[in-house]
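K.L.:
Build me a model:
(2 chains)
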Amino acid sequence: MKTANQPLLSLNGITKRFGALTAVNGVDLDVCPGEIVVIIGPSGSGKSTLLRSVNFLEEIDDGTIVFEGNEVGYVKNKHGRRHLDAPAKICALRSEIGMVFQHFNLFPHMTVLGNVMEGPLTVQKKSAEEARAIALDMLAKVGLSEKRDVYPATLSGGQKQRVAIARALAMRPKLMLFDEPTSALDPELIGEVFDTIRSLGKEGMTMIIVTHQMGFAKEMADRVIFMEAGSFVAQGTPEDFFANQMEHDRIKSFLTRIL
Amino acid sequence: MKVLYGRVLKTILLFSCLLLLLVPVAYGEDYDEIFSQANDAMASGDLPSAITLLNKIPVSKSDDNSAFVRSRMQIAKLHFALEDFAAASAAAQEVLDIYPQNSEAMNFMASVRQTQKPKYAVFFEDCLRFLPQLLKGAVMTITLVFCTILISPIGGLLIALGRLSSFKPVSGLCWFIIWLFRGTPLLLQLFFIYYGLPSLGITFKPFTAAVLGLGLNYSAYLGEIIRGGIQSIEHGQMEAAKAIGMTYWQAMRRVIIPQTYKRLMPPVGNEFIALIKDTALVSTIAMVELMRSADQMFNAYFNITALILAAIIYLLFTTFFTFIFEKIETRAGIYENR
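P.N.:
Down below sits the predicted model:
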């Protein structure tokens, strides 16, 4: 771990149920500033649900989320029932936590520049020139300045995902969440997206990344977590994880299938 | 003897006077006989014999309504029925030679001339006669369409957003509005607004009632179309918008609704073309629009040209709208072009 004074994000006993299914079962996780956490695990293990809970796209059933030392996102009503905080508060939190989706979810009716400008312009109410300057900066960062005036439909998958990263970065988030950012990409396009994430890591961005790319996990992660059936089964530094956790039967069988 | 002679003379004089009086009457009875024979011939379908019979009545200059005029006009009409327009004109002309001011003969000549004109010339004249009235009606139709097109997308969007609301009273109310206005005939709704509401103390001018009825009805239909459009946008779009910190309404306004435009154009275009024709229904609440104008012309002149013209004007409107909507659809989807 890089720094460890106060965690940027603390998850305590996060539980999310979909009817009878418990997708995330009492997960605890501390993420320190500048740390890169990679979560791996089979499909349906609750990785995505956990990540979406951090961004309040899923309303959790139990547990607390502590961001920058404050418990956030949920309040109790007068009957003692817990519910999501006021929309304005949730939106403010989300604008500090960037999220990148498996299927990019770019806004197809806006140009590349328009997509990246949208957050500063609409959410942060910045002027058009200011938003444009930020967006151009972010596009330069992901190496897509020359694509600024085209619509997303004309981009390759890798380019789309880099634009999506630029769109999230334009909000100047303190934490970035990546939900299988390369799973929808052709193998030869995965590299460019990881290059972008890698350069973010070098700048000290705090990130939680859900991925199936073990090579990337080994190279980039400060910590690798194996999740199964809604719980963390094992975690450790990449060296430790890939050297020692292999004796764990489930992890071994998962990794041998993946690698 | 002298007295007897005198009486005989008196009687003879009286008789001859009576005879003199009887002569014209007898002649008159003769003509009636001719007319009635001619009528029989006409009834049996033998028009040429009727003409021959009527021609027996000699030329007379006595007065306008004489048997002569009657007979010649009848001959003219019989020739007309036999489509012998030259003979028909000749018969009417015989009357005009003696009575140049006879109005029946003059009108007859005019209608013969009209008949002999080429069909397109007659149609053209009818068009000129009906167009001013029909165009007035068409302006009203377009005004109604325009007002409804201004109102119903706004109403439709509100109803659609209301239906999607998680707040039950709002979604319930919007469901009820759609249920009510889609479930009853537009004609009934117009009647209710114009004739029914006054009994509750709410009175509208015909135009207000028409716009209100059309606006509410089309809002309900567009509401469902817009809701479908919003729900057809991939869920990830809302999530991506929320992930950069947008509120629900910001996401709707900036991300979701703009993406529905292209998808909404074909069904909304359909609705608006239906609307152009549905405006004809407001003629039942004292509004004079295109259909009502055409109906008035048709009833006054019993001339089908009025209806044909109205159909052409409706087709011009619908064609124009189809064209406009295709253009908008292409424009709205420009970002999909690779």
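K.L.:
Which residue ranges of the chain form helices?
P.N.:
Using chain A here. Per DSSP state H, chain A has helices spanning A:47-54, A:87-94, A:112-118, A:128-141, A:157-169, A:187-202, A:214-220, A:238-244, A:249-258. These are given in chain order.
K.L.:
Oops, wrong one, chain B.
P.N.:
B:2-43, B:47-54, B:67-81, B:85-98, B:103-116, B:119-164, B:168-183, B:186-191, B:206-232, B:235-243, B:248-251, B:257-278, B:290-301, B:305-332.
K.L.:
Next, the buried residues of the fourth one.
P.N.:
Buried residues in helix B:85-98, defined by neighbour count with 16 or more other Cβ atoms under 10 Å in any protein chain shown: B:Ala87, B:Ala88, B:Ser89, B:Ala91, B:Ala92, B:Glu94, B:Val95, B:Leu96, B:Ile98. The way it works is simple: take the backbone N, C-alpha and C, and place the C-beta from them, glycine included.
K.L.:
How confident was the prediction at the fourth one?
P.N.:
Listed pLDDT for B:Ala91 reads 87.
K.L.:
would JSON lines of the buried residues of helix B:85-98 with distance to chain A be doable?
P.N.:
Shown next, in JSON lines, are the buried residues of helix B:85-98 (distance: Cβ to the nearest Cβ, whole Å):
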{"residue": "B:Ala87", "distance to chain A": "77"}
{"residue": "B:Ala88", "distance to chain A": "73"}
{"residue": "B:Ser89", "distance to chain A": "73"}
{"residue": "B:Ala91", "distance to chain A": "78"}
{"residue": "B:Ala92", "distance to chain A": "75"}
{"residue": "B:Glu94", "distance to chain A": "82"}
{"residue": "B:Val95", "distance to chain A": "80"}
{"residue": "B:Leu96", "distance to chain A": "78"}
{"residue": "B:Ile98", "distance to chain A": "85"}
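K.L.:
out of the helices of chain B, nearest to A:Gln235?
P.N.:
Proximity to A:Gln235 (Cβ to Cβ) singles out helix B:235-243 among the helices of chain B, at 25.7 Å.
K.L.:
And the contacts of the closest one?
P.N.:
Residues outside helix B:235-243 that contact it (Cβ atoms under 8 Å, 6 or more residues apart in numbering or on different chains) are A:55, A:57, A:91, A:94, A:98-99, A:101, A:103, A:105-107, A:164, A:168, B:248, B:250-251, B:254-256, B:259.
K.L.:
Tabulate the CA atom coordinates of that helix in CSV.
P.N.:
Included here for helix B:235-243 are C-alpha records, laid out as CSV according to Å, rounded to 0.1, in the frame of the first residue of the first chain:
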residue,chain,number,x,y,z
HIS,B,235,-30.5,1.6,-19.4
GLY,B,236,-26.8,2.3,-19.4
GLN,B,237,-27.3,5.8,-20.7
MET,B,238,-29.2,6.8,-17.5
GLU,B,239,-26.5,5.1,-15.4
ALA,B,240,-23.6,6.8,-17.3
ALA,B,241,-25.4,10.2,-16.8
LYS,B,242,-25.9,9.5,-13.1
ALA,B,243,-22.3,8.4,-12.8
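K.L.:
What residues does the stretch 1-150 of chain A have near chain B?
P.N.:
A:55, A:57, A:87-88, A:91-92, A:94-95, A:98-99, A:101, A:103, A:105-110, A:118-119, A:122-124 (Cβ under 8 Å from any Cβ of the partner chain).
K.L.:
Just the buried ones among those, please.
P.N.:
By 16+ other Cβ under 10 Å, those give A:55, A:57, A:91, A:94-95, A:98-99, A:101, A:103, A:105-110, A:118-119, A:122-124 as buried.
K.L.:
Counting neighbours, what do you get for the residue of the stretch 201-338 of chain B found nearest chain A?
P.N.:
Here the stretch 201-338 of chain B gets closest to chain A at one residue, B:Gly245, 3.0 Å apart by Cβ to the nearest Cβ. For B:Gly245, the neighbour count with other Cβ atoms under 10 Å in any protein chain shown is 22.
K.L.:
any chance of the helices of chain A in CSV, with mean pLDDT too?
P.N.:
Below are the helices of chain A laid out as CSV (pLDDT from 0 to 100):
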stretch, mean pLDDT
helix A:47-54, 94
helix A:87-94, 93
helix A:112-118, 96
helix A:128-141, 95
helix A:157-169, 95
helix A:187-202, 91
helix A:214-220, 87
helix A:238-244, 83
helix A:249-258, 77
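K.L.:
Now do the contacts for residue 170.
P.N.:
With no chain named, the answer covers chain A. A:Ala170 neighbours (Cβ under 8 Å, 6+ apart): A:Val116, A:Met117, A:Gly119, A:Pro120, A:Ala131, A:Ile134, A:Ala135, A:Met138, B:Ile244.
K.L.:
think we crossed wires, I meant chain B
P.N.:
B:Val170 is in contact with B:Gly162, counting by Cβ under 8 Å, 6+ apart.
K.L.:
For the residue of the stretch 51-200 of chain A found nearest chain B, give me its contacts.
P.N.:
Going by Cβ to the nearest Cβ, chain B is nearest to A:Ser95 of the stretch 51-200 of chain A, at 3.0 Å. Applying Cβ under 8 Å, 6+ apart to A:Ser95 gives the contacts A:Gly119, A:Val123, A:Gln124, A:Met171, A:Pro173, B:Ile244, B:Gly245.
K.L.:
Show me the shaky parts of chain B.
P.N.:
Residue ranges of chain B with pLDDT under 70: B:1-6, B:8-30, B:62-65, B:337-338.
K.L.:
measure the closest residue to chain A within the stretch 51-200 of chain B to B:Tyr248 for me?
P.N.:
Going by Cβ to the nearest Cβ, chain A is nearest to B:Ser166 of the stretch 51-200 of chain B, at 12.1 Å. Distance, B:Ser166 to B:Tyr248, using Cβ to Cβ, to the nearest Å: 10 Å.
K.L.:
Which one's more surrounded, those two?
P.N.:
Counted by other Cβ under 10 Å, B:Ser166 and B:Tyr248 do not tie: B:Tyr248 has more neighbours, with 16 against 7.
K.L.:
list the contacts for the more buried one?
P.N.:
Residues in contact with B:Tyr248 (Cβ under 8 Å, 6+ apart) are A:Pro87, B:Lys242.
K.L.:
give me the beta-bridge partners of the residue nearest in space to the middle of chain A?
P.N.:
In chain A, the residue lying closest to the centroid (Cα atoms, centre = their mean) is A:Leu177, at 1.1 Å. Note on A:Leu177: beta-bridge partners by DSSP bridges are A:Met99, A:Ile208.
K.L.:
A:Val54 - how many residues pack around it?
P.N.:
Other residues within reach of A:Val54 by the criterion other Cβ under 10 Å amount to 24.
K.L.:
what about the closest residue to it other than its chain neighbours, distance to B:Asn299?
P.N.:
Nearest residue to A:Val54 in three dimensions, chain neighbours excluded: A:Leu177, at 6.0 Å (Cβ to Cβ, 6 or more residues apart in numbering or on different chains). Distance, A:Leu177 to B:Asn299, by Cβ to Cβ: 74 Å.
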